[in-house]
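[1] Generate a structure from the sequence data that follows.
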Amino acid sequence: MSTEIRCPNCQHSFAPGDAIREEVEKETRAKVVEWQKQKTAEFQSQLEKEKAQVRDQVENQLRLQLQNDYELQLQSLTAANIQNEEKLKAAREQQLKYLQKEQELKAKEEELEITLQQRLLAERESLSAEIRKQEDQRISTLETEFQLKLKEMKEQLETQRKLAEEMKRKAEQGSMQSQGEAQELLLEEMLRTAFPFDQIDEVGKGVRGADCIQTVRNPFGQDCGKIIYESKRTKDFSVEWIEKIKSDMRSQGAEVAVIVTQALPKDMSSFGQKEGVWICTFQDVKAVVQLLREAVIRIYNATKSQENKGDKMHLLYDYLNSREFAEQWQAIREGFLSMRLSIQKERDAMEKLWKQREKQLEKVLLNAAHIRGSIEGISGSDVDLNLLGDGEDLVEG
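    You can find the predicted model right below:
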């Protein structure tokens with residue numbers, strides 16, 4: 001490729017020589033190198049400026065971002081602080097409610113205990129008064145019975161003395177029939193004296209049947225049953241007497257038959273029962289009749305128990321000795337024990353609940369202490385977040 005050089009004045013073009021070409025190329029090459037250095041320096045300068053600008057921009061952006069982040073974090077901590085204060089306030093109110101509830105439960109428990117003690121005391125006093133009243137009535141009845149029995153004994157002694165004198169007088173007559181009749185009379189007189197409320201009927205001579213019939217009556221004058229008596233005063237006991245008095249017992253509608261004899265059966269050494277008939281001596285007849293009479297009255301009362309229980313004293317006595325009263329009293333006792341056990345269970349449950357609340361409160365206080373430490377670490381100043389309000393740390397240790 002040829003290279004021409006144009007003259008700037010005349011515009012004449014000519015081909016340069018090798019020397020000129022070399023000089024021009026050298027100069028041109030030097031200028032290019034200079035230009036390259038200049039452009040490189042300018043580029044380096046421009047690049048340094050742009051780097052400085054970018055660095056400033058980045059620093060400004062980082063500064064603004066850090067400032068915004070700090071403000072946001074501070075706002076978040078402030079909001080969290082306010083929220084925590086509200087939670088702590090609610091926790092204080094809840095703790096106060098728990099304390100008030102505890103006081104109310106204690107007051108109710110004390111009131112219930114007082115009420116129970118008052119009821120028990122009233123029941124005890126009522127029962128004691130009723131028992132004292134019954135005891136006074138019983139003592140009064142016993143005293144009356146004792147006076148009556150004492151008077152009866154005196155009359156019996158006098159009557160027996162008279163009858164003994166009469167029997168002695170008749171015995172002196174030597175008549176066996178008279179002696180038998182004397183024992184019959186003495187038996188009738190003894191029965192009338194010992195049991196003045198009973199009806200003693202004499203069986204007339206020549207009439208088939210026992211010697212006398214005793215109609216047993218209770219203190220209310222009610223006929224409870226009959227006891228028939230056969231009086232014998234011989235040296236030997238006859239078995240035929242038993243069948244005869246049993247036949248008389250059925251014909252008279254009596255419940256009990258008694259043979260009063262001087263001679264007992266050979267197989268009996270004292271009074272007793274033989275083939276459904278009671279056999280005794282005159283000396284034992286009163287004691288035997290006492291037992292038999294009581295048995296007749298008891299059987300009658302048992303039969304009529306559903307119709308008439310007797311006076312209020314007997315009713316009350318029967319009630320206090322009944323299973324119904326025992327079960328009712330047992331129910332009252334069980335109710336008291338159940339109520340006492342229920343109170344103990346409620347107390348145990350509340351103590352367990354208080355322990356749980358205490359653990360929850362400790363957890364709240366611990367978290368509050370952590371929040372306080374975080375805020376102090378950020379703000380660099382003490383922050384009063386003490387829930388207890390006593391100027392001490394929330395969590396010791």
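[2] And the strands in the chain?
    5-6, 13-14, 199-202, 212-217, 223-232, 256-261, 272-274, 277-280 (DSSP state E).
[3] List of residues touching the last one?
    Which is strand 277-280. Strand 277-280 is contacted by residues 237, 242, 245-246, 256-261, 264-265, 268, 270-273, 288, 292 when judged by Cβ atoms under 8 Å, 6 or more residues apart in numbering. Every C-beta, even on glycine, is put in place using the N, C-alpha and C of the backbone.
[4] Quick check: the residue nearest the centre of the chain vs E111, distance?
    Residue closest to the average C-alpha location in the chain (Cα atoms, centre = their mean): S338, at 0.3 Å. Going from S338 to E111 by Cβ to Cβ, to the nearest Å gives 18 Å.
[5] What of E189?
    Using Cβ to Cβ, E189 is found at 72 Å from E111.
[6] Specify which residue of these two has the higher count of neighbours.
    Remark: of E189 and E111, E189 carries more neighbours, 17 against 10, as counted by other Cβ atoms under 10 Å.
[7] need the contact list for that one.
    Contact partners of E189, counting by Cβ under 8 Å, 6+ apart, are T159, L163.
[8] do you know how far it is from T215?
    Separation of E189 from T215 (Cβ to Cβ): 17 Å.
[9] mind checking which helix or strand of the protein has the lowest mean pLDDT?
    Using mean pLDDT, DSSP states H and E, helix 312-320 stands out as the lowest-scoring helix or strand of the chain, at a mean of 60.
[10] ok, which stretches of this protein are helices?
    Ranges of helices in the chain, per DSSP state H, are 18-171, 176-194, 240-252, 285-303, 312-320, 323-379.
[11] low-scoring pLDDT stretches of the protein, where are they?
    Along the chain, the parts satisfying pLDDT under 70 run over 1-8, 12-20, 167-180, 204-210, 305-330, 332-333, 336, 376-397.
[12] again, only using 90
    Within the chain, the stretches with pLDDT under 90 are 1-194, 201-212, 218-222, 230-240, 242-243, 245-256, 261-276, 280-397.
[13] Quickly list the domain ranges of this protein.
    The chain breaks down into these domains under automatic domain parsing: 5-79, 86-122+332-379, 197-321.
[14] now the second one, how far from the chain's geometric center?
    Centroid displacement of domain 86-122+332-379 relative to its chain, using Cα atoms, centre = their mean, to the nearest Å, is 23 Å.
[15] Quick check: the gap between Q160 and D348.
    Look at Q160 and D348: by Cβ to Cβ, they are 77 Å apart.
[16] no wait, R29
    107 Å.
[17] Please apply the same query to I245.
    Distance of I245 to D348, computed by Cβ to Cβ: 76 Å.
[18] which one of those two has more residues nearby?
    Per other Cβ under 10 Å, whichever of I245 and D348 has more neighbours is I245, with 25 against 10.
[19] residues contacting the more buried one?
    A210, I228, E230, A257, I259, V277.
[20] can you tell me which two in those are farthest apart?
    Maximum pairwise distance among the contacts of I245 (Cβ to Cβ): 11.1 Å, between A210 and V277.
[21] okay, and the common contacts of the two?
    Shared contacts of A210 and V277, counting by Cβ under 8 Å, 6+ apart, come down to I245, A257.
[22] of these two, who's got more company?
    Of the pair A210 and V277, A210 is the one with more neighbours under other Cβ under 10 Å, namely 24 against 19.
[23] what separates K39 from V33, distance-wise?
    Note on K39: its distance to V33, by Cβ to Cβ, is 11 Å.
[24] do Q57 as well
    Per Cβ to Cβ, Q57 is found 35 Å from V33.
[25] Indicate which one of the helices of the chain is closest to N9.
    Evaluated with Cβ to Cβ, those place helix 18-171 nearest to N9, the distance being 17.1 Å.
[26] Return the angle between stretch directions for that closest one and helix 323-379.
    160 degrees (axes from the mean of the first three to the mean of the last three Cα atoms, to 10 degrees).
[27] Tell me which other helices or strands helix 18-171 touches.
    Contact here means 3 or more Cβ pairs under 8 Å, 6 or more residues apart in numbering; DSSP states H and E; on that basis helix 18-171 packs against helix 176-194, helix 312-320, helix 323-379.
[28] for the first one, which positions count as buried?
    Same thing as helix 176-194. Counting neighbours by 16 or more other Cβ atoms under 10 Å, one finds that the buried residues in helix 176-194 are 179-191, 193-194.
[29] Convert the C-alpha atoms of that helix to CSV, please.
    Output of helix 176-194 as CSV, limited to C-alpha atoms (Å, rounded to 0.1, in the frame of the first residue of the first chain):
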residue,chain,number,x,y,z
MET,A,176,-105.7,-82.7,152.6
GLN,A,177,-108.5,-81.0,150.6
SER,A,178,-108.5,-78.1,152.9
GLN,A,179,-104.7,-77.8,152.5
GLY,A,180,-105.1,-77.9,148.7
GLU,A,181,-107.8,-75.2,148.7
ALA,A,182,-105.6,-73.1,151.0
GLN,A,183,-102.7,-73.3,148.4
GLU,A,184,-105.2,-72.3,145.7
LEU,A,185,-106.4,-69.4,147.7
LEU,A,186,-102.9,-68.4,148.6
LEU,A,187,-101.9,-68.6,144.9
GLU,A,188,-104.8,-66.4,143.9
GLU,A,189,-104.1,-63.9,146.6
MET,A,190,-100.4,-63.8,145.7
LEU,A,191,-101.2,-63.2,142.0
ARG,A,192,-103.7,-60.4,142.8
THR,A,193,-101.1,-58.8,145.1
ALA,A,194,-98.1,-59.2,142.8
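[30] Would you check the distance separating it from the middle of the chain?
    With Cα atoms, centre = their mean as the basis, helix 176-194 stands 67 Å off its chain's centre.
[31] Show the backbone phi and psi for G276.
    Backbone torsions of G276, given as degrees, to the nearest 10, read phi 80, psi 0.
[32] Pull the number of nearby residues for Q222.
    By other Cβ under 10 Å, 13 other residues sit near Q222.
[33] How about it, nearest residue that isn't a chain neighbour?
    Nearest non-adjacent residue to Q222, counting by Cβ to Cβ, 6 or more residues apart in numbering: Y300, 7.5 Å away.
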